[in-house]
Structure formats: structure tokens, C-alpha cells
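[1] no FASTA, just this:
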């Protein structure tokens, strides 16, 4: 980019914004152009506008209150207990209860988890991402409940061959072979 003041070539550097711009954009990085000839500096306006738009979206997103019913529905949809939800979130059962009763508001990181994963039907993605933080037995029960949930459209539509094989292996004791179904003993027992 050439300097708008003197026409010389400018150097591009990535810098952090500070109070001189918008306080809410502090520490955000942006491309700036510096002219060594005349000392002028300019920032990339397209980049800046994108940062402002993103920041405004995040500010407005946090202003919209999420109802306790919507929070409760996530857990209910997957037939999870408050204990299981607390393990998924890495928070206390008490906090899960307070969120569902409306005693606490959904803010910050928890709000992001609910809006970016749970409300989008990506709870399994989140559980898989943090599976090392969940005790193994609880993890297996949680995953089984999520996968078996009939309302989990994403899972039903996008089941991969590998996930399908894992599901079969996990539930093999629940399946009856064609031979077992057609044998006379099975038919008379039924």
C-alpha cells in the first residue's frame, strides 16, 4: 500500500488496538500501515469494520437473555441428569440447578458453550472435545444417551460408518440375529 500523504510504500504490521479506538476492542489485533518517509499510519478499514461488527454482535448476543426453560430443555432433550450435565460443563450440580431454575443467568463462557454447541445440536462435539475431563464410565453413559436420543437429528442424518460400527459394538447384546428370530424356540418363547 502507498502512503496517502506522500505516495511512498508503507510497511504493514499487525498491532493490538488500545483505548484510542474503542475500549471494547482492546487487545484485538489489526493490520496497520506505517510510512517511514512522512510518519503517517493507517489501519485497514475493512478489517476494522469487521472487528466492530463482530464486537457489536457479541455485545448484543450477551444482552439477549436466555430463558431457564431453554437451558432446561437441552438437558431434557438428551435425557441427561444434572450430574451428567455438570460433568459435561465442568461445573457444579448446584450451578446447573440454579441455571435451570433461573437463579443464575447464562453468561460468559457457559453462554458461549450453550449457544455455540448445545443450542446448535452439537452437544456430542463438545463432549468429545472435553472427554478427558469426564470420568470414563460417566463419559460412556453420556455419549450413549446423546447417540440414542431420537431428537438428535444431526446424529441420525450424519452418522458415519465408524460411528455406526461403534454403536453396534456398544449395543451388540441388544441385537438379535436373523437366525435367532426365525428359530422355533424363539418364536414359541415370544
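    Thanks, I have it. Every value quoted in this text rests on a predicted model; they were computed, and no experiment measured them.
[2] how many other residues sit next to residue 49?
    By other CB atoms under 10 Å, 10 other residues sit near residue 49. The C-beta positions use only the backbone N, C-alpha and C, and glycine is treated the same way.
[3] helix, strand, or coil at it?
    At residue 49 the chain is in helix, as set by DSSP: H, G, I helix; E, B strand; the rest coil.
[4] what residues are up against it?
    Neighbour list for residue 49: empty [criterion: CB atoms under 8 Å, 6 or more residues apart in numbering].
[5] any idea how far residue 40 is from it?
    Note on residue 49: its distance to residue 40, by CB to CB, to the nearest Å, is 20 Å.
[6] domains in this protein, by residue range?
    Using automatic domain parsing, the domain parsing of the chain gives 11-63, 77-158.
[7] so, low pLDDT: which residues of the protein?
    Along the chain, segments meeting pLDDT under 70 span 18-26, 56-63, 150-190.
[8] quick one, strands of it?
    Counting by DSSP state E, the chain has these strands, from start to end: 11-16, 29-34, 41-43.
[9] the closest residue to residue 99 other than its chain neighbours - how many residues pack around it?
    Distances taken as CB to CB, 6 or more residues apart in numbering place residue 71 nearest to residue 99, at 5.1 Å, with adjacent residues excluded. The number of residues packed near residue 71 is 23, by other CB under 10 Å.
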